[in-house]
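Q: need a structure here:
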Amino acid sequence: MSDAKFFIYARKSTDDLSRQVRSIDDQIAELRELASREQLAVFDVLIEKQTAKLPGRPVFNSMLDHIERGEASGILAWHPDRLSRNSLDGGRIIYLVDTGQIKELKFPTFVFDPSPSGKFMLSIMFGQSKYYVDNLSENIKRGQRQKLRNGIWPLLAPVGYLNDRVTRTIYPDPHRSPLIRQAFELYATGEYTLDRLVAAVNALGLVGRKGEHLSRTHYHRILQHPIYCGIIRYSGEEYEGKHEPILSKKLFDDVQAVIGRRSRPTGPKRKPYLYRGVFRCGECGCFITTETQKGHNYLRCTKRVNRNCSQPYVREELIAGEIAAYLRRVALPAEWADWMIAEIEKEREADRGSRQECVRTIRSHIAETDEKLTLLMQAYLDKTLSLEEYREAKARLVASKQETKDKLAGLENRKGSWFEPALAFVNETKQARFLTQSGSEQERRDFLKKVGSNLTISNRHLSVEPRKPWQLVVDQGPFAQHHAAPAFASAASFGEKSPGLQYAVSTIPRSTAATLLSALREFFKDNPEEGFP
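A: This is a model prediction of the structure:
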């Protein structure tokens, strides 16, 4: 029986569970049998569940510390690769053998003796173990690079997607992906802080893989992750993903714009006035601010550019009334809107011919982009471009291709024709009428920002430049005859109960509605992306 005391050391890599030759229990059983057969004294049995490709294993280091103190002088392990797969740990073991602190190493699979040839063979075994992990790592990286070139996400699917174990790709999680999309849609409105978004979406039931609620940091990463719009970002480079996007590139870009605005430094918290930051002064162009005096809110010019600006204060209620009056101007009567919707539906039914030429053009553009990506890669391989130039140019092409693919998907789903945005717009004009009757002031304010731009206040009156196609309603709608009015004298000027207005609507011929519909048709044919949610 040997006088040496042995450690039994068993290890299994936690990151390599499917490739282990022997489990922990199996290793220990084999090693105990070896100790019993050769009558070896076992000092302790040590178990470690950690990879050996990097130094720093706590159980392994503690074992060698005990050996250096002379408490034991031998190790039993299943194979040399259980002891080390890196040069530092392997060198330490060989050094302890050189100094005589390790007298014996025994393996069921390998015969070792502390002679020069034995130590040489042991160093070869350690070298082979290191070569194995290095080669495995390189093979994994090469496989990941190939997956990325093929547009396949190479890692565990992010929240909102699931891994397909058969095709090795990812696909939208039917339960979580709608909530991810909703998180983007809510944040894109600009009305949700990150904390409020977390509370709202978590309340809807979005959880991680282990059933836990997602943290604020997790949401921040999700909102900046382009994989949800079909782009893979990996190691600073972007690739066109082959997986199904959860949301459009436009929605993703809208969220990035909101994040960019939110990241700017902000001053002290201010009172939540309804019209803060909405209007500019019609005289000097400065923002209109709000202040409270004697229980009433007043809007006034900040005069930051021109201290001599002559614009007077105006009561908030007066501007609120003019907003309601303006929304009545851009609202269509119910009979007009219903007739237009019926006409558009008729045209859509009659126009079932496909837009194949447009689809072919877009597909041709996608093919051209693919060719540019190939040429760009060749230029990088030929060293005519630096890595940074290559990545920047590639990111632009990938983003452009994804936007084009979004348009193609819209066309193929018949969302790129003029019918859908026109129908949505006409329904929006009905929504404007509803808001003038029962909407809140905040809803009217938000709708006004959708309808008009360059919102100014001058001489206590509101001025609006309508966005297209709202400009068409102002110019050719049923209330166009009121357009010449210099200002909105009161909310009742264009109200539902105005006798003159009711008479005007009832006497306007149907040809006027047809003229407006024709103008809307031409506009949406030229601008099919101008849809309204």
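Q: what ranges of the stretch 1-150 of the chain fall below the confidence cut-off?
A: Flagging of the stretch 1-150 of the chain using pLDDT under 70 yields the residue ranges 1-2, 14-22.
Q: Which parts of it are helices?
A: Assigned by DSSP state H, counting those that start in this stretch, the stretch 1-150 of the chain shows helices spanning 24-37, 58-68, 80-83, 87-98, 116-149.
Q: Make a markdown table out of the ones you listed and add distance to Gly410.
A: Every C-beta, even on glycine, is put in place using the N, C-alpha and C of the backbone. A markdown table is the format used below for those (distance: least, C-beta to C-beta, whole Å):
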| stretch | distance to Gly410 |
| --- | --- |
| helix 24-37 | 55 |
| helix 58-68 | 56 |
| helix 80-83 | 55 |
| helix 87-98 | 56 |
| helix 116-149 | 27 |
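Q: which of those sits most buried?
A: A comparison of the helices of the stretch 1-150 of the chain by mean neighbour count, using mean count of other C-beta atoms under 10 Å, puts helix 80-83 on top with a mean of 24.
Q: shouldn't Tyr159 be in contact with Ile180?
A: Residue 159: Val, not Tyr. Yes. In this structure, Val159 is within contact of Ile180 by C-beta atoms under 8 Å, at 6.9 Å.
Q: Can you pull the residues that touch both of those two?
A: Contact criterion C-beta atoms under 8 Å, 6 or more residues apart in numbering; residues shared by Val159 and Ile180: 206, 222.
Q: For those two, work out which one has more neighbours and name it.
A: Ile180 (24 against 20; other C-beta atoms under 10 Å).
Q: Doesn't the more buried one belong to a helix?
A: Yes. Remark: Ile180 belongs to a helix, assigned using DSSP: H, G, I helix; E, B strand; the rest coil.
Q: and it, what does it touch?
A: With contact set as C-beta under 8 Å, 6+ apart, Ile180 has these partners: 159-160, 206, 222, 228, 246-247.
Q: which two in these are spaced the farthest apart?
A: Greatest spatial distance in the contacts of Ile180: Leu206 and Leu247, 14.5 Å, computed using C-beta to C-beta.
Q: Any stretches of the stretch 401-533 of the chain with poor pLDDT?
A: Residue ranges of the stretch 401-533 of the chain with pLDDT under 70: 411-416, 480-510, 528-533.
Q: all strands for it, in order.
A: In the stretch 401-533 of the chain, the strands defined using DSSP state E, counting those that start in this stretch lie at 452-458, 461-466.
Q: Can you point out the buried residues in the last one?
A: Going back to what we said before, that points to strand 461-466. Within strand 461-466, the residues scored as buried using 16 or more other C-beta atoms under 10 Å are 461-464, 466.
Q: roughly how far out does it sit from the chain middle?
A: 36 Å (C-alpha atoms, centre = their mean, to the nearest Å).
Q: name the helices or strands packed onto it?
A: Judged by 3 or more C-beta pairs under 8 Å, 6 or more residues apart in numbering; DSSP states H and E, strand 461-466 is in contact with helix 316-330, helix 441-451, strand 452-458.
Q: Pairing partners for that strand, with directions?
A: When pairing is defined by DSSP bridges, strand 461-466 lines up against strand 452-458 (antiparallel).
Q: quick check: angle from the partner strand to helix 441-451?
A: 120 degrees (axes from the mean of the first three to the mean of the last three C-alpha atoms, to 10 degrees).
Q: For stretch 418-434, list the C-alpha coordinates in CSV.
A: Listed next in CSV are the C-alpha coordinates belonging to stretch 418-434 (Å, rounded to 0.1, in the frame of the first residue of the first chain):
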residue,chain,number,x,y,z
TRP,A,418,-53.7,53.9,-51.8
PHE,A,419,-56.9,52.2,-50.6
GLU,A,420,-55.9,51.4,-47.1
PRO,A,421,-54.3,54.8,-46.2
ALA,A,422,-57.2,56.6,-47.9
LEU,A,423,-59.8,54.7,-45.9
ALA,A,424,-57.8,55.2,-42.7
PHE,A,425,-57.6,58.9,-43.4
VAL,A,426,-61.3,59.3,-44.1
ASN,A,427,-62.0,57.5,-40.8
GLU,A,428,-59.6,59.9,-39.1
THR,A,429,-61.7,62.8,-40.4
LYS,A,430,-64.7,61.2,-38.6
GLN,A,431,-62.5,60.9,-35.5
ALA,A,432,-61.9,64.6,-35.7
ARG,A,433,-65.6,65.2,-35.5
PHE,A,434,-65.9,62.9,-32.5
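Q: and it, how far from the chain's centre?
A: Stretch 418-434 sits 29 Å away from the centroid of its parent chain (C-alpha atoms, centre = their mean).
Q: Enumerate the positions of it that are buried.
A: Buried residues in stretch 418-434, counted by 16+ other C-beta under 10 Å: 418-423, 425-426, 428-433.
Q: ditto for stretch 316-329
A: Residues of stretch 316-329 classed as buried by neighbour count (16+ other C-beta under 10 Å): 316, 318-329.
Q: ditto for stretch 185-200
A: 186-188, 192, 197-198.
Q: Take these and keep only those in helices.
A: Counting by DSSP state H, the buried residues of stretch 185-200 place 186-188, 197-198 in helices.
Q: Let me have those in TSV, adding pLDDT as columns.
A: Shown next, in TSV, are those (pLDDT from 0 to 100):
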residue	pLDDT
Leu186	91
Tyr187	92
Ala188	90
Leu197	91
Val198	91
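Q: from the residues you listed, which single one is nearest Arg85?
A: Among these, Val198 lies closest to Arg85 (C-beta to C-beta), at 41.8 Å.
Q: could you measure that closest one against Asn135, distance?
A: Remark: distance between Val198 and Asn135 (C-beta to C-beta, to the nearest Å) = 44 Å.
Q: Please apply the same query to Phe434.
A: Counting by C-beta to C-beta, the gap from Phe434 to Asn135 is 68 Å.
Q: ok, now Gln50?
A: With distances taken as C-beta to C-beta, Gln50 is found 20 Å from Asn135.
Q: Next: Ser310.
A: Separation of Ser310 from Asn135 (C-beta to C-beta): 80 Å.
Q: tell me the strands in the stretch 251-400 of the chain, going along the chain?
A: Using DSSP E, counting those that start in this stretch, the strands of the stretch 251-400 of the chain run over 280-281, 288-293, 296-301, 314-315.
Q: Buried deepest among those strands, which one?
A: Most buried among these, counting by mean count of other C-beta under 10 Å: strand 280-281, with a mean of 21.
Q: Return the distance of that one from the chain's centre.
A: Averaging C-alpha positions (C-alpha atoms, centre = their mean) puts strand 280-281 35 Å from its chain's average.
Q: which residues touch it?
A: 286-288, 301-302, 309, 311, 454-458.
Q: and if you look at stretch 284-294?
A: With C-beta under 8 Å, 6+ apart as the criterion, stretch 284-294 contacts 271, 273-281, 297-306, 309, 311, 316, 457.
Q: And stretch 221-233, by the same measure?
A: Contacts of stretch 221-233 (C-beta under 8 Å, 6+ apart): 148, 151, 153, 158-161, 180-181, 183-184, 187, 214, 238-241, 243-249, 251-252, 255-256, 259, 398-399, 402, 405.
Q: Using CSV, list the CA coordinates for that stretch.
A: Taking only C-alpha atoms (Å, rounded to 0.1, in the frame of the first residue of the first chain), the coordinates of stretch 221-233 have been written out as CSV:
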residue,chain,number,x,y,z
ARG,A,221,-31.8,46.5,-24.1
ILE,A,222,-35.0,45.2,-25.9
LEU,A,223,-35.9,48.7,-27.2
GLN,A,224,-32.4,49.1,-28.8
HIS,A,225,-32.1,45.5,-30.2
PRO,A,226,-32.6,45.6,-34.0
ILE,A,227,-33.2,41.9,-34.2
TYR,A,228,-36.9,42.6,-33.6
CYS,A,229,-37.1,44.4,-37.0
GLY,A,230,-35.1,41.7,-38.8
ILE,A,231,-31.5,43.0,-38.4
ILE,A,232,-28.9,41.0,-36.6
ARG,A,233,-26.3,43.1,-34.7
